[in-house]
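**Q** A predicted structure for the sequence below; I have some questions about it.
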Amino acid sequence: MKAEGLEKEEILIMLAELNDRLVELEYDLHSSIEGFKTQWHETQEARYEQCGKKLAGLEKSMLSLEEESKGIALAYPGNKVPKLELGY
C-alpha cells in the first residue's frame with residue numbers, strides 16, 4: 001500500500017513540475033508574441049511614413065511639371081493633376 005501511495009505522490013510531483021514548466025512556457029510565448037507584434041507594428045508604421053513621403057514628393061513634382069507645362073500648347077486637353085492619397 002505504501003508503494004502505491006509513493007507512486008501517486010511521485011506522479012503528482014511530476015505533474016506539478018510539468019504544470020510549472022507549462023506556465024513558464026506560456027509566459028515566455030506571450031511575451032515573445034507581444035514583442036513580435038510591437039516590432040511588426042513599428043516596421044509597418046515606418047513603411048507607411050516612407051510611402052507618404054514618396055507620394056508627397058510625387059505630388060510636388062507633378063505640380064511643378066504642371067506649372068512648367070502651362071506655357072506649352074498640348075495636343076490633348078490638360079486636366080488638373082489629381083491629388084494622390086495614401087490609403088491603408
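**A** Noted; the coordinates are in hand.
**Q** and residue 83, what element?
**A** Using DSSP states H and E, residue 83 maps to neither a helix nor a strand.
**Q** now swap in residue 55 and tell me
**A** Judged by DSSP H and E, residue 55 forms part of helix 2-69.
**Q** pLDDT averaged over that helix - what is it?
**A** Average pLDDT, helix 2-69: 92.
**Q** Show me how far that helix is from its chain's centre.
**A** Centroid separation for helix 2-69 versus its chain: 9 Å, with C-alpha atoms, centre = their mean, to the nearest Å.
**Q** just checking, what packs against that helix?
**A** Of the remaining helices and strands, none touches helix 2-69 by 3 or more C-beta pairs under 8 Å, 6 or more residues apart in numbering; DSSP states H and E. Any C-beta I mention is one placed from the backbone N, CA and C, and that applies to glycine too.
**Q** and residue 19, how many residues sit next to it?
**A** Per other C-beta atoms under 10 Å, the neighbour tally for residue 19 reads 10.
**Q** can you check the one 10 residues further on too?
**A** The burial count assigned to residue 29 is 10, neighbours taken as other C-beta under 10 Å.
**Q** Over to residue 18?
**A** 10.
**Q** ok, it to residue 39 distance?
**A** 31 Å (C-beta to C-beta, to the nearest Å).
**Q** cool, residue 9 as well?
**A** From residue 9 to residue 39 the distance is 45 Å (C-beta to C-beta).
**Q** With residue 61 instead?
**A** Distance from residue 61 to residue 39, counting by C-beta to C-beta: 33 Å.
**Q** Kindly report the same for residue 54.
**A** Applying C-beta to C-beta to residue 54 and residue 39 gives a distance of 23 Å.
**Q** ok, now residue 13?
**A** 39 Å.
**Q** same question, residue 11
**A** Counting by C-beta to C-beta, the gap from residue 11 to residue 39 is 42 Å.
**Q** Over to residue 49?
**A** Counting by C-beta to C-beta, the gap from residue 49 to residue 39 is 16 Å.
**Q** again, but for residue 67
**A** In terms of C-beta to C-beta, residue 67 sits 43 Å off from residue 39.
**Q** Many thanks, we can stop here.
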